[in-house]
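In: Generate coordinates for the sequence data below:
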Amino acid sequence: MIDKTRILETLTEWNYWKRELPDTIVRERYESEVLHKSTTGEIVILKGVRRSGKSTILINTIKRLLEKGVDRNDILFINLEDPRFINDLNVDLLSQIRDTYLEYLNPSGIPYIFLDEIQNISGFDKWLLKEYELKTSRIFVTGSNAKLLSREIGTALSGRYLDVTVFPLDFREYLAFNGMDIKNRLDFTEHRIKVNRIFKEYITFGGFPRVALTDELELKKAELKAYFDSIMLRDIVARYRLENVEALMGLSVYLLSNISNLLSLNAIKKHFKLSFDLISRYVEYLENAYLVFRVPLFDWSLKKQQVNPKKVYSIDTGLSHIVSFKVGQKTGGRLENLVFLELLRRNKEIYYYKTTGNLEVDFVVKENERITQFIQVSAGINDEKTKAREIRALIKAGNEIPHAGGAALVLLVPDINEIVQHNGKEVHIKDVKAWLLGIE
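Out: Residues are numbered from 1 along each chain as shown. Here you go, the predicted model:
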């Protein structure tokens, strides 16, 4: 058992009872959502990949609470990855920390408790449930493991929490980190040259906040490599006690080198000459760590969805760029990955589609049991054959899938905005950068 003096020393270093909060950049979309959801009295859980900015969002939430007049002593921040806690990571530690805080800080109101990287505590769900039922604190939690969080929280805390999924920076945030505020199409047009320059950097190095704030290219690469190693070793190897680290690393590099491509587990099994069970488990671990995502084929038959290959995407184009074994990943694949991530941020249910003539549609967007959009992404349509193929795929998909007659047909490309009429259908060709910014 860790003694009170060590606990208090550690808490004093992490908290802002007698020191100023650090300078940070606002991430409005998340901070507003966190505060809004906290007004319900439910536990607020921030989940997402490591280094995506969850801790900073907690700090910015603390700033907003202080601005609202909350006393500094009424706020407790606990970093559960502090090495001084490493030998005591259990629910007793949480109770010790809370009791030490209450004894020495004597908060005047109901305290706000921020628990960073909660998945490190075995049985944390039971402790959170007790705190929730007693109504003795307002609780904010972060975590970096999708399955662990959903399993633990979904059983013990069902109906008692609201979650917020945090992603690396979207393009609007990335521009803000570079001192640009693009509010509308006029701003976008006026600053097009600078926006294009920053976009090239964004698609290459991704949206992890610290990487975005790093100017030197070699340092960006070093940061991304360190993030990849940290996710692999801390969130997967250590958590699941894996011995075949070489196979895991090889699989992760293979997936990140093939973003926006169709991959079946059987094909991966043949490539690596490993068992299907091992491949399946390792891919699941990578998904749980928010490193990769898989998108199924659209079909109204769930069985057909399950037996067909899935498309693979990365949490960040910078990560896939830095670990890829392919020289010069295709721009189209990275563009498609950015669109995928933005659709996730917009809470869309996403599939891909193959027409009867084997034409592929990158994204089928389903909302409330109906298809609302078909989206193609292309690095360029200067070649008329390419343009015709992309448009033909969209129209054919719209005609083939039942109940999709009113779905929008969208082709996202760089630097073009036009509407094309084809066989009585409208295809909206949009500048992918403007689309990412929400500028229509």
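
In: hey, where'd the helices end up in the stretch 201-350 of the chain?
Out: Taking DSSP state H, counting those that start in this stretch to define them, one finds helices in the stretch 201-350 of the chain at 209-212, 217-230, 238-240, 245-256, 265-272, 276-288, 302-307, 317-323, 331-345.

In: so Thr10 touches Phe85, yeah?
Out: Yes: contact criterion CB atoms under 8 Å: Thr10 and Phe85 qualify, at 7.3 Å. From N, CA and C alone the C-beta is placed, and that goes for glycine too.

In: ok, back up a step: mean neighbour count, the helices of the stretch 201-350 of the chain: which tops it?
Out: helix 317-323 (a mean of 25; mean count of other CB atoms under 10 Å).

In: Need the CA coordinates for that one. PDB is fine.
Out: Listed next in PDB are the C-alpha coordinates belonging to helix 317-323 (Å, rounded to 0.1, in the frame of the first residue of the first chain):
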ATOM      1  CA  THR A 317      -2.200   9.000 -42.200                       C
ATOM      2  CA  GLY A 318       1.000  10.200 -40.500                       C
ATOM      3  CA  LEU A 319       1.400   6.900 -38.600                       C
ATOM      4  CA  SER A 320       0.800   4.800 -41.700                       C
ATOM      5  CA  HIS A 321       3.200   7.000 -43.700                       C
ATOM      6  CA  ILE A 322       6.000   6.600 -41.100                       C
ATOM      7  CA  VAL A 323       5.800   2.800 -40.700                       C
END
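
In: elements contacting that helix?
Out: Counting contacts by 3 or more CB pairs under 8 Å, 6 or more residues apart in numbering; DSSP states H and E, helix 317-323 packs against helix 192-205, helix 217-230, helix 245-256, helix 331-345.

In: So for that helix, mean pLDDT?
Out: Averaging pLDDT along helix 317-323 gives 96.

In: List the contacts of the closest residue to Ile236 other than its chain neighbours.
Out: Closest residue to Ile236 apart from its sequence neighbours, by CB to CB, 6 or more residues apart in numbering: Tyr285 at 4.9 Å. Counting by CB atoms under 8 Å, 6 or more residues apart in numbering, Tyr285 makes contact with 236, 240, 242, 248.

In: Any stretches of the stretch 251-400 of the chain with poor pLDDT?
Out: Of all residues in the stretch 251-400 of the chain, those with pLDDT under 70 make up the ranges 326-329.

In: Asp163: how many residues sit nearby?
Out: Other residues within reach of Asp163, judged by other CB atoms under 10 Å, total 19.

In: I misspoke; the intended subject was Arg50.
Out: Around Arg50 there are 20 residues (other CB under 10 Å).

In: Spit out the contact partners of it.
Out: 144, 227, 230-231, 234-235, 289-290.

In: my read is it is in a helix, agree?
Out: No: assessed with DSSP: H, G, I helix; E, B strand; the rest coil, Arg50 is coil; it does not lie in a helix.

In: circling back to that earlier point, dump the contacts of Tyr285 into TSV; add distance to Leu58 and pLDDT as well.
Out: Below are the contacts of Tyr285 laid out as TSV (distance: CB to CB, whole Å; pLDDT from 0 to 100):
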residue	distance to Leu58	pLDDT
Ile236	24	94
Tyr240	26	91
Leu242	30	94
Leu248	30	97
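
In: what's the closest of those residues to His403?
Out: Ile236 (39.7 Å; CB to CB).

In: what sits against the closest one?
Out: Counting by CB under 8 Å, 6+ apart, Ile236 touches 242, 248, 285-286, 288-289.

In: Please determine how far it is located from Asp277.
Out: 17 Å (CB to CB, to the nearest Å).

In: do Ile193 as well
Out: Using CB to CB, we find Ile193 at a distance of 52 Å from Asp277.

In: Could you do Arg334 as well?
Out: 32 Å.

In: picking up where we left off before, quick one: which of the contacts of Arg50 is most hemmed in?
Out: Ser144 (28 neighbours).

In: And the pLDDT for the nearest residue to it once chain neighbours are set aside?
Out: The shortest distance from Ser144 to any residue other than its chain neighbours is 4.7 Å, reached at Arg50 (CB to CB, 6+ apart). Here, the pLDDT recorded for Arg50 equals 95.

In: name the helices or strands packed onto the helix or strand hosting Lys37?
Out: Remark: Lys37 resides in helix 28-38, with elements defined by DSSP states H and E. Under the contact definition 3+ CB pairs under 8 Å, 6+ apart, helix 28-38 sits against strand 43-47, helix 54-67, strand 138-143, strand 161-165.

In: how deep is Gln421 tucked in, by neighbour count?
Out: Gln421 has 8 nearby residues by other CB under 10 Å.

In: so who does Thr165 touch?
Out: 46-48, 344.

In: change it to 10 Å
Out: 30, 33, 45-49, 52, 54, 146, 290, 344-345, 347 (CB atoms under 10 Å, 6 or more residues apart in numbering).
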